[in-house]
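*Asks:* need coordinates for the below:
(4 chains)
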Protein chains: 2
Amino acid sequence: MSNPTLEAVARAAGVSRATVSRVVNGSPKIKTESRRSVERAIAELGYVPNRAARALVTRRNESIGVVIAEPTGRIFGDPYFAEVLRGISVGLAAREQALVLVMSQSPEEERRAARYLTGGHVDGVILFSLHGDDPLPEHLKSHGVPVVVGGEPPHGARVSYVDIDNIGGAISAVNHLISLGRTRIATITGTLDMPAAVTRRRGYREAIRAAGRTTDTNLEESGGFSREGGQHAMEILLQRCPDIDAVFAASDLMAAGALSALYAAGRTVPEDVAVVGFDDSIIALSTQPALSSVRQSMEVTGRELANVLLQTIDARDQIVRHVILETELIVRQSTGGPPTRKS
Amino acid sequence: MSNPTLEAVARAAGVSRATVSRVVNGSPKIKTESRRSVERAIAELGYVPNRAARALVTRRNESIGVVIAEPTGRIFGDPYFAEVLRGISVGLAAREQALVLVMSQSPEEERRAARYLTGGHVDGVILFSLHGDDPLPEHLKSHGVPVVVGGEPPHGARVSYVDIDNIGGAISAVNHLISLGRTRIATITGTLDMPAAVTRRRGYREAIRAAGRTTDTNLEESGGFSREGGQHAMEILLQRCPDIDAVFAASDLMAAGALSALYAAGRTVPEDVAVVGFDDSIIALSTQPALSSVRQSMEVTGRELANVLLQTIDARDQIVRHVILETELIVRQSTGGPPTRKS
DNA sequence: ATCCTCCATGAGAGCGCTCTCACGCATGTG
DNA sequence: CACATGCGTGAGAGCGCTCTCATGGAGGAT
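*Replies:* Numbers count the residues shown, from 1 in each chain, chains lettered A, B, ... in the order given. Predicted structure coming up:
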């Protein structure tokens, strides 16, 4: 409760407050001797720096806001959010930054959040899962708050971001289906107000065309990034085009939903219909059969988000940084399994 | 960036710093006149109090730690966590408290978290989804940090908690199955190192015995609170006792998994086997057929967690408080639907 | 030996806020 | 009319820390 102060440590170590402060903050110009005695005093007294006092003078809060502006249902049905959050948590912990979680679901809450975030309570903000033309990133940036966005930022926003190679991932998935000899390849898209959903669809279309075929919007249906949406989309697709022999779903969760719909319609996977998901989340391994999927490391995304933000904060600049992470197609049973396999 | 200070507001309003402070903090003894001019000045300058400065003198941080010590996979596959978190978020927002999220997954991280939480960085801590005999609640409490636990606290820990009526909920679910004339009622339990899982199983057993039947451990199998676990548990149960005609699953997610297993085994729901879940989360409505389920409001749980904690902090006492929330059985198609229905 | 340099350290101001205390003025009482 | 009462307000200390600037002493150059 009543933590010892710098002053107390200084007295115990027989040095001045300033020296203790230097030791605590790792200043190089300290004699090993005094450093040692200070460290001992710190350990003995169980000293922990007072964040508030430090923040007051440094004008840093040692904490980062993480905003998720998404209906609860969606947020946590999909492991995606958890894993990104987890990566952020790891990235921040390494620098002793606190993660302040802000969940806003109504315009009223969003206003409150914006006020909080621009009120100097956090050193920077990570936003992810943005929809449409959310003005929040620009708003924060114009108030001088460092911002980084997970995924492609809203159109026109000049902010830093960390994204994955959505288009390349989608192309590799569809190429894989093509190489399997599939000819009627459908796609279940995400919520089309999100850039990731649009970009994955673009990759799908490009791969189809690159193979000399024509795209057909009858083979595209939105699954809203949810399991049920995926299932429903698959039902619609089967109704429209019963001859579908492959599906590329823009998330594993939707792919899992699609599997249910396929079974309900009496199709076998991968024999009748090959299925590829996206994310390679834990879900991909838990479906029957296991899903081929475009792997992205959500945890790395989270960690990079933290890194880019901390970098921006440290540099005190307004430079727009971005990081694009690779994806990799993982082939499993839902498309017939890996090419060769012993035993 | 350079926010105006109290001083600046005071000058603009022609009063002293103290008066502005009183207005900001809602002190009653302020003349309406000066209050008004201060408020105008605040609005004009866009003044936002500096949290750090305030925290320094009040020794409050206006922030609450929320700890989730759970493997990421589990956390976010189940909407439960999201909804409780959401409730906490709402409860804290009402009091302008920041939510500091701490995710710890390894013993090392847990130590770091403990150090942070006892370091005076937060005014209180909410813990949920505790396993086994986690010493964290006691540890925090002994360091004078106000704590409240979601769910039944570890055995012997004298800490405040918010829980739901697990036993009553389980009993009502099983009674419902009994009233349907089902005779071979199985249960899929959660992770048995968690009190909620054990208590729900106890409710199941009590209801069976109260109906004059005997319990049979062959009819009990753990599903580990995951979808796949539920599916697997159902497969085992069917193998052991092919004559099962009803299942009570300790979570909707496991019930959803059980449905898959039942279909794979060629059973119909609710005709061959009636299924009841627990939580009444969004999942219950998205399965085919919709799940009967024991409703608990996870958002209310979260809000109560926040309330109890804030109350404890305000009172500066060590009183152990607890809140038990009601549950309610919601009957849907997975047990044959509501008793009567028009149209 | 004298001066200069340089490095480790100490002294002290001040970050923005709250809160106690004292003061002045209006009102009520004898 | 003198006095107590009380309410609204201002002055000022101080929360724990960082950081600038001054200081003293060791060591090298002359």
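
*Asks:* quick check: chain neighbours aside, which residue is closest to residue A:195?
*Replies:* Distances taken as C-beta to C-beta, 6 or more residues apart in numbering or on different chains put residue A:152 closest to residue A:195, at 3.7 Å, once the chain neighbours are dropped. C-betas here are computed from N, CA, C, even on glycine.

*Asks:* check the secondary structure at the one you found for me.
*Replies:* coil (DSSP: H, G, I helix; E, B strand; the rest coil).

*Asks:* dump the residue contacts of it.
*Replies:* A:161, A:163, A:166, A:195-196, A:199 (C-beta atoms under 8 Å, 6 or more residues apart in numbering or on different chains).

*Asks:* the strands in chain A, which residues?
*Replies:* Along chain A, the stretches classed as strands by DSSP state E are A:63-68, A:98-103, A:124-128, A:147-150, A:160-164, A:185-189, A:220-222, A:246-249, A:274-279, A:292-295, A:322-325, A:328-330.

*Asks:* hang on, the earlier thing: nearest to chain B, of the contacts of residue A:152?
*Replies:* Nearest to chain B out of these is residue A:196 (C-beta to the nearest C-beta; 17.9 Å).

*Asks:* and the pLDDT for the closest one?
*Replies:* pLDDT for residue A:196: 93.

*Asks:* avg pLDDT for the helix ranked longest in chain A?
*Replies:* For chain A, the longest helix by residue count, based on DSSP state H, is helix A:298-315. Here helix A:298-315 scores 93 as its mean pLDDT.

*Asks:* got it, and stretch A:225-238?
*Replies:* pLDDT averaged over stretch A:225-238 gives 94.

*Asks:* and for stretch A:95-108?
*Replies:* pLDDT averaged over stretch A:95-108 gives 87.

*Asks:* first vs last residue of that stretch, how far apart are they?
*Replies:* 32 Å (C-alpha to C-alpha, to the nearest Å).

*Asks:* off-centre distance for it?
*Replies:* 14 Å (C-alpha atoms, centre = their mean, to the nearest Å).

*Asks:* and if you look at stretch A:158-165?
*Replies:* Per C-alpha atoms, centre = their mean, the centroid offset for stretch A:158-165 relative to its chain is 11 Å.

*Asks:* list the buried ones in it?
*Replies:* Going by neighbour count (16 or more other C-beta atoms under 10 Å in any protein chain shown), the buried part of stretch A:158-165 is A:159-165.

*Asks:* got the CA positions of it in CSV?
*Replies:* Taking Å, rounded to 0.1, in the frame of the first residue of the first chain, the C-alpha atoms of stretch A:158-165 are listed here in CSV:
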residue,chain,number,x,y,z
ARG,A,158,-2.6,8.9,-43.9
VAL,A,159,-1.7,6.7,-40.9
SER,A,160,0.7,4.0,-40.1
TYR,A,161,-0.6,0.4,-40.4
VAL,A,162,0.3,-3.2,-40.1
ASP,A,163,-1.3,-5.5,-42.6
ILE,A,164,-0.9,-8.9,-44.1
ASP,A,165,-0.5,-9.7,-47.8
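
*Asks:* and the pLDDT for the residue nearest to residue A:273 when sequence neighbours are not counted?
*Replies:* In this structure, residue A:273 finds its nearest non-sequential neighbour in residue A:267, 5.1 Å apart by C-beta to C-beta, 6+ apart. We note a pLDDT of 96 for residue A:267 in this prediction.

*Asks:* and residue A:267, how many residues sit next to it?
*Replies:* 18 (other C-beta atoms under 10 Å in any protein chain shown).

*Asks:* run through the bridge partners of the closest residue to residue A:128 other than its chain neighbours.
*Replies:* Closest residue to residue A:128 apart from its sequence neighbours, by C-beta to C-beta, 6+ apart: residue A:150 at 3.0 Å. Here residue A:150 sits in beta bridges with residue A:128, residue A:162, as judged by DSSP bridges.

*Asks:* what is the burial count for residue A:150?
*Replies:* 26.

*Asks:* swap in the one 5 residues further on?
*Replies:* A count of neighbours around residue A:155, defined by other C-beta under 10 Å, yields 8.

*Asks:* can you tell me how far residue A:274 is from DNA strand C?
*Replies:* 61 Å (C-beta to the nearest atom of the strand, to the nearest Å).

*Asks:* ok, now residue A:199?
*Replies:* Distance from residue A:199 to DNA strand C, by C-beta to the nearest atom of the strand: 44 Å.

*Asks:* cool, residue A:316 as well?
*Replies:* 17 Å.

*Asks:* surely residue A:338 touches residue A:329?
*Replies:* No: assessed by C-beta atoms under 8 Å, residue A:338 is found out of contact with residue A:329, at 10.8 Å.

*Asks:* tell me which of these two has more neighbours.
*Replies:* residue A:329 (20 against 11).

*Asks:* please name the bridge partners of that one.
*Replies:* Bridge pairing for residue A:329 - DSSP bridges - gives residue A:294.

*Asks:* pull the contacting residues for it.
*Replies:* A:169, A:172-173, A:176, A:276, A:292-295 are the contacts of residue A:329 under C-beta under 8 Å, 6+ apart.

*Asks:* state the pLDDT value of it.
*Replies:* 97.

*Asks:* what parts of chain A come near DNA strand C?
*Replies:* Neighbours of DNA strand C within chain A, by C-beta under 7 Å from any atom of the strand: A:14-19, A:22, A:28-31, A:33-35, A:53, A:56-57.

*Asks:* what do you get if the cut-off is 6 Å, keeping everything else the same?
*Replies:* Within chain A, the positions near DNA strand C by C-beta under 6 Å from any atom of the strand are A:15-19, A:29-31, A:34, A:56-57.

*Asks:* with adjacent residues omitted, what lies nearest to residue A:283?
*Replies:* Nearest non-adjacent residue to residue A:283 (C-beta to C-beta, 6+ apart): residue A:252, at 4.2 Å.

*Asks:* for residue A:98, same thing?
*Replies:* Using C-beta to C-beta, 6+ apart, the closest residue to residue A:98 is residue A:63 (3.8 Å).

*Asks:* how about residue A:321?
*Replies:* residue A:160 (4.4 Å).

*Asks:* next: residue A:265.
*Replies:* Going by C-beta to C-beta, 6+ apart, residue A:265 has residue A:238 as its nearest residue, at 5.3 Å.

*Asks:* go on, residue A:88?
*Replies:* Counting by C-beta to C-beta, 6+ apart, the residue nearest residue A:88 is residue A:302, at 4.1 Å.

*Asks:* burial of the one you found, as a residue count?
*Replies:* Around residue A:302 there are 27 other residues, counting by other C-beta under 10 Å.

*Asks:* re the thing from before, need the contact list for the residue nearest to residue A:98.
*Replies:* Shown in contact with residue A:63 (C-beta under 8 Å, 6+ apart): A:97-100, A:121-123, B:98, B:100.

*Asks:* cool, residue A:248 as well?
*Replies:* A:170, A:173-174, A:177, A:185-188, A:204, A:276, A:278.

*Asks:* local confidence estimate at the residue lying closest to residue A:16 once chain neighbours are set aside?
*Replies:* Leaving aside its chain neighbours, residue A:16 sits nearest to residue A:10 (5.7 Å; criterion: C-beta to C-beta, 6+ apart). Here the pLDDT value assigned to residue A:10 is 89.

*Asks:* what does stretch A:296-308 contact?
*Replies:* A:64, A:79-80, A:83-92, A:95, A:97, A:126, A:128, A:148, A:150, A:160, A:162, A:164, A:169, A:278-281, A:321-323, A:325, A:327.
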